[in-house]
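**Q** just to be clear, the model below is a prediction. Sequence and coordinates:
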Amino acid sequence: MKDCRLFPTLFALLLLPISANTTAASVNTEKHSIEYETVVEGLANPWALAFLPEGGMLITERGGSLRMINSSGELESEPIKGLPAISEHRQGGLLDVILHPDFKENRWVYLSYAERNGSSYGTTVSRGRLVGRKLEQLQTVFQMGRKTSAGRHFGSRLVFDSEGHLYITLGDRGDRPRAQDLNDHAGSVIRLYDDGSIPKQNPFSGKNGQLAEIYSYGHRNIQGAALHPVSGKLWTHEHGPQGGDEINITKPGANYGWPVITYGVNYVIGTKIGEGTHKTGMEQPVHVWIPSIAPSGMTFYNGGKFSNWKGNLFVGSLKFQQLVRLELKGERITHEERLLSGKLGRIRDVRQGPDGLIYLITDEENGKLIRLIPTK
């Protein structure tokens, strides 16, 4: 199996055509001169995108619609039919979308979303087979336990690794202590097989009072996840409180500290959270943002169009309306550049396209799909 996000160049998608009313603007960066152009607009708070091997892509809208952009680069007027029951509740709604690594053969599409049970909500992952413009044979792959009425911190990103494991990132649902409870899904990374079954090799498998599907814990709200193109390790980023956004390399069984340790402070009053920034037995982040950038979406660039960005990590920023470029040396981040500040709006997702270009979506009422192109 191959990861749809780690090896996007395996897809056969051609460069999406530009509509007649699309205009491009130029920007100079440290290592490339680029243009950015709007491919599609009129999306209602889009959240995530996935490229289809036959051309085009799928884009989620937080309100509960799954939209298709066809191989001609046009937004289909009608959403995909056959979705599960999705509840838009403050930060929750329809969130991530990812294709099965063997999508060409099985047509499975995976969605993460907020599901309602009475007055309570939690993150659920379902899959369905994409047949034409409809999802068929819906199956629930994962349901978050202990739903609550809170409207915060649903996560959620989905990633397949090269061995066929599905990773699901979850937030603490705004209830801090839950992230340290191994009998609670909140604030964790989940690892499953593609059908929702639990790998016996998971770190807490067979341990009393600990959920076997948990892979790591002590997270606040993970909204970015990607596999390193060389090591294959899962990298994630999560929102801190006031300061303390983190990038982490996710290890099996590891505790990432929230809310016992953090580089952030309480909102408004600025008081200390937990015990400080370090504690034995708890992981340190690879990178921290102070002040918070409100990160969302993440991809490693391994294409051929931006030769000077090869191996760089890209993260969207909601708060500062930026694309953040990070240079790495091994597992250390050695340099950061802020791109497109205030030019596009709140960047919710960032992906490398099969054409080697970089695609962004903006979380706005009139959200856009934007493409970056090198000019030199």
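**A** Cool, the structure landed.

**Q** now the helices: where do they sit in the chain?
**A** Using DSSP state H, the helices found in the chain span residues 103-106.

**Q** got any ranges where it has weak pLDDT?
**A** 1-23 (pLDDT under 70).

**Q** try it again with 90
**A** 1-24, 376 (pLDDT under 90).

**Q** residue 153 and residue 170, how far apart?
**A** 8 Å (C-beta to C-beta, to the nearest Å). Any C-beta I mention is one placed from the backbone N, CA and C, and that applies to glycine too.

**Q** can you list residues touching both of the two?
**A** In the contact map built from C-beta atoms under 8 Å, 6 or more residues apart in numbering, the residues linked to both residue 153 and residue 170 are residue 186.

**Q** how many neighbours does residue 230 have?
**A** When neighbours are counted by other C-beta atoms under 10 Å, residue 230 registers 11.

**Q** ignore the last one, residue 308
**A** Other residues near residue 308 number 10, with proximity taken as other C-beta under 10 Å.

**Q** from memory it sits against residue 32, does it?
**A** Yes. Using C-beta atoms under 8 Å, residue 308 makes contact with residue 32 at a distance of 5.7 Å.

**Q** which residues are in contact with residue 99?
**A** Neighbouring residues of residue 99 by C-beta under 8 Å, 6+ apart: 4, 50-53, 108-110.

**Q** can you redo these as JSON lines with neighbour count and distance to residue 317?
**A** Listed next are the contacts of residue 99 as JSON lines, based on neighbours: other C-beta atoms under 10 Å; distance: C-beta to C-beta, whole Å:
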{"residue": "4", "neighbour count": "22", "distance to residue 317": "24"}
{"residue": "50", "neighbour count": "23", "distance to residue 317": "21"}
{"residue": "51", "neighbour count": "24", "distance to residue 317": "23"}
{"residue": "52", "neighbour count": "21", "distance to residue 317": "27"}
{"residue": "53", "neighbour count": "14", "distance to residue 317": "30"}
{"residue": "108", "neighbour count": "21", "distance to residue 317": "31"}
{"residue": "109", "neighbour count": "22", "distance to residue 317": "28"}
{"residue": "110", "neighbour count": "24", "distance to residue 317": "26"}
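
**Q** want to throw these into CSV with distance to residue 330?
**A** Converted to CSV, these look like this (distance: C-beta to C-beta, whole Å):
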residue, distance to residue 330
4, 25
50, 29
51, 29
52, 34
53, 32
108, 35
109, 35
110, 31
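
**Q** from these, pick the one nearest residue 243.
**A** Set against residue 243, the nearest of the contacts of residue 99 by C-beta to C-beta is residue 50 (32.0 Å).

**Q** any idea what the closest one is bridged to?
**A** Per DSSP bridges, the residues bridged to residue 50 are residue 58.

**Q** would you quantify the distance from residue 314 to residue 191?
**A** Applying C-beta to C-beta to residue 314 and residue 191 gives a distance of 24 Å.

**Q** likewise for residue 123?
**A** From residue 123 across to residue 191, the span is 15 Å (C-beta to C-beta).

**Q** more neighbours: which of these two?
**A** A side-by-side neighbour count of residue 123 and residue 191, using other C-beta under 10 Å, places residue 123 first with 27 against 24.

**Q** contacting residues for residue 182?
**A** Residues near residue 182 by C-beta under 8 Å, 6+ apart: 204, 209-211, 214, 217.

**Q** what do you get for residue 283?
**A** If a contact means C-beta under 8 Å, 6+ apart, then residue 283 has 218, 248, 251, 254-257 as its contacts.

**Q** in strands, which of those fall?
**A** Using DSSP state E, the members of the contacts of residue 283 that fall in strands are residue 248.

**Q** tell me the buried residues within the contacts of residue 283.
**A** Buried residues within those, counting neighbours by 16 or more other C-beta atoms under 10 Å: 218, 248, 254-257.
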